[in-house]
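Trainee: Turn this into a structure:
(one chain, ligands or ions: 1)
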Amino acid sequence: MKYVYGPVPSRRLGNSLGIDPIPSKTCNYQCIYCQLGKTTNFTNSRKKFFPKEEIIAEMEKAVKLNYNKFDYVTFVGSGEPTLYKDLDYLITKSKKISEKPICVITNGSLLYKKEVQDALINSDVVLPSLDAGDEKSFIKINRPHPSIEFEKMIQGLIDFRKKFRGEFWIEVMLMRGINDTKEELSKIKEKIDLIKPDRIDINVPIRPPVEKWVRIPEINVISVLNEIFGEFNNINYPEDGHFSIYSFDFDKEVISILERHPMRQDQIIKTFSCFGLNKNEINTKLKILQSKNKIKKFNYNDQIFWKLNVN
Ligand code: SF4
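Mentor: Numbers count the residues shown, from 1 in each chain. Predicted coordinates for the structure are as follows:
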C-alpha cells in the first residue's frame, strides 16, 4: 500500500492504522531531532499531494483487511500531515469508513489557520508537539519555515484547543543541553498552561536524530520535570515492560538498568532493538559483559534473566 501502513503498536495509541498523505520528508519544520531524516521538501504550502480518492480507496481496503485489529486511525505523515490540503475530506470520509477514533499527529504549526482548524475539528484526538518556550529556541530546535511565527503558532494551539471537543495531547521532545534546563522547561510550561491540553507527553530522542549532536537528557531531568510539570506522561516508560534508555552506549545502559532492575533476556532484546541491533548481536554483547564479570545470567520460572554481578 502507498498511503496506509500498519496497524502498528503505538505507545500512546495502542494499535494504530497509519494514514500518510504526504510525500516523504515534506515538512514546514526541519527539527534537529527528526528521526525521518532531513526535510527534503521544505514548504509551508498546503497542497493536494496525492489524489484523495486513491487514499480513501486504500483506507477502505485496509480497514476491511484489519477489522478489529486496530484501536485508532492515525494521520501521521512522512512529514507534516496538515500540509495535505484535503485533510478535512480525508477525516470526514475516515469517520464513515471506520468507527474507530481518528487521530492526527501534527507539529501544530498550522493550527492558527481556519481551514486547518476546520479540518481537524472532526477528529477525536489531536497530538501537536511543542518543544520550545520562545522564538529563539523554536528556531534552534524546529528550524521552521520563515513564514511561521512562534507566537502565532502558539495562539493557534490556544484557539484550536478552546473549540475542539476531542482529546488534545501535547508532546514535548527533550534534548540534553537544548531544552532540558529549568529555564527552558519553565518557558515551555508557561505556554502549555495557556494552551491547556488534556495531557502532556514527554519524549526523548531514543531513535537516531537527524543531527548527530542531539542527545538524550541525563536521568536527573526527571526530578526537574516533576518540579516544573507536576503531572506528565513519559512515553518512554510504558507499562508494558519497556525500559527507558538514555544514550546509545549499550554497555553503559544495560548496566545502568540491571543495577536497579534484573531483566528478562527478551526484555533486553526488545528494549535495545532500537539501537539497530538484532537478537544475536545483543546476545553476543551480553556474553561479553558476562565474560568480564560485569553481569550474570540466571534462570527463574523457566526464563533467562540478567542481573548485575555484584560479587
Ligand atoms: S515536524 Fe516532524 S517530520 Fe517535520 S521535521 Fe519535525 S520531526 Fe520531522
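Trainee: Identify the residues contacting the residue lying closest to P205 once chain neighbours are set aside.
Mentor: Spatial nearest neighbour of P205, excluding adjacent residues (Cβ to Cβ, 6 or more residues apart in numbering): Y33 at 4.5 Å. Every residue, glycine included, has its C-beta placed from N, CA and C. Neighbour list for Y33: 141, 173, 175, 205, 209-211, 214 [criterion: Cβ atoms under 8 Å, 6 or more residues apart in numbering].
Trainee: Could I get those residues in JSON lines, plus columns for secondary structure?
Mentor: Converted to JSON lines, the contacts of Y33 look like this (DSSP: H, G, I helix; E, B strand; the rest coil):
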{"residue": "I141", "secondary structure": "helix"}
{"residue": "M173", "secondary structure": "strand"}
{"residue": "M175", "secondary structure": "coil"}
{"residue": "P205", "secondary structure": "coil"}
{"residue": "P209", "secondary structure": "coil"}
{"residue": "V210", "secondary structure": "coil"}
{"residue": "E211", "secondary structure": "coil"}
{"residue": "V214", "secondary structure": "coil"}
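Trainee: so what's the backbone phi/psi at the residue in the stretch 201-311 of the chain that the ligand sits nearest to?
Mentor: The ligand sits closest to V210 of the stretch 201-311 of the chain, with a gap of 7.6 Å, by Cβ to the nearest ligand atom. Dihedral angles of V210 (phi, psi; degrees, to the nearest 10) stand at phi -60, psi -40.
Trainee: ok, and for stretch 282-292, which residues are buried?
Mentor: With burial defined by 16 or more other Cβ atoms under 10 Å, the residues of stretch 282-292 counted as buried are 282, 285-286, 289.
Trainee: The ligand next: which of these are close?
Mentor: Residues of the buried residues of stretch 282-292 in contact with the ligand (Cβ under 6 Å from any ligand atom): none.
Trainee: Take those residues and keep only those in strands.
Mentor: Among the buried residues of stretch 282-292, no member falls in strands (DSSP state E).
Trainee: Serialize the residues you listed to JSON lines and add fields for pLDDT and distance to E115.
Mentor: As requested, these are exported to JSON lines (pLDDT from 0 to 100; distance: Cβ to Cβ, whole Å):
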{"residue": "I282", "pLDDT": "94", "distance to E115": "48"}
{"residue": "K285", "pLDDT": "94", "distance to E115": "51"}
{"residue": "L286", "pLDDT": "95", "distance to E115": "53"}
{"residue": "L289", "pLDDT": "95", "distance to E115": "55"}
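Trainee: Restricted to helices, list those.
Mentor: 282, 285-286, 289 (DSSP state H).
Trainee: could I get those as JSON lines with distance to Q303?
Mentor: Converted to JSON lines, these look like this (distance: Cβ to Cβ, whole Å):
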{"residue": "I282", "distance to Q303": "16"}
{"residue": "K285", "distance to Q303": "19"}
{"residue": "L286", "distance to Q303": "15"}
{"residue": "L289", "distance to Q303": "19"}
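Trainee: Show me which pair in the residues you listed is furthest apart.
Mentor: Spatial extent of those (Cβ to Cβ) is set by the pair I282 and L289 at 10.9 Å.
Trainee: what does the chain put close to the ligand?
Mentor: 27, 29-31, 34, 36, 39, 79-80, 107.
Trainee: Least confident of the residues you listed?
Mentor: The member of the residues of the chain next to the ligand with the lowest pLDDT is L36, at 78.
Trainee: Got the phi and psi for G14?
Mentor: Dihedral angles for G14 - degrees, to the nearest 10 - are phi 60, psi -130.
Trainee: Contacts only, for it.
Mentor: Counting by Cβ under 8 Å, 6+ apart, the residues that G14 touches are 70-72.
Trainee: Out of these, which comes closest to the ligand?
Mentor: The ligand lies nearest to Y72 out of the contacts of G14, by Cβ to the nearest ligand atom, at 18.5 Å.
Trainee: Which positions are bridged to the residue nearest the centre of the chain in the beta structure?
Mentor: Closest to where the C-alpha atoms of the chain average out (Cα atoms, centre = their mean) is N203, at 6.8 Å. Applying DSSP bridges to N203 gives these bridge partners: M173.
Trainee: To which secondary structure element type does the residue nearest to P205 belong?
Mentor: coil.
Trainee: got it, and I200?
Mentor: strand.
Trainee: Report the separation between it and R215.
Mentor: 22 Å (Cβ to Cβ, to the nearest Å).
Trainee: same thing with K162?
Mentor: Distance from K162 to R215, by Cβ to Cβ: 36 Å.
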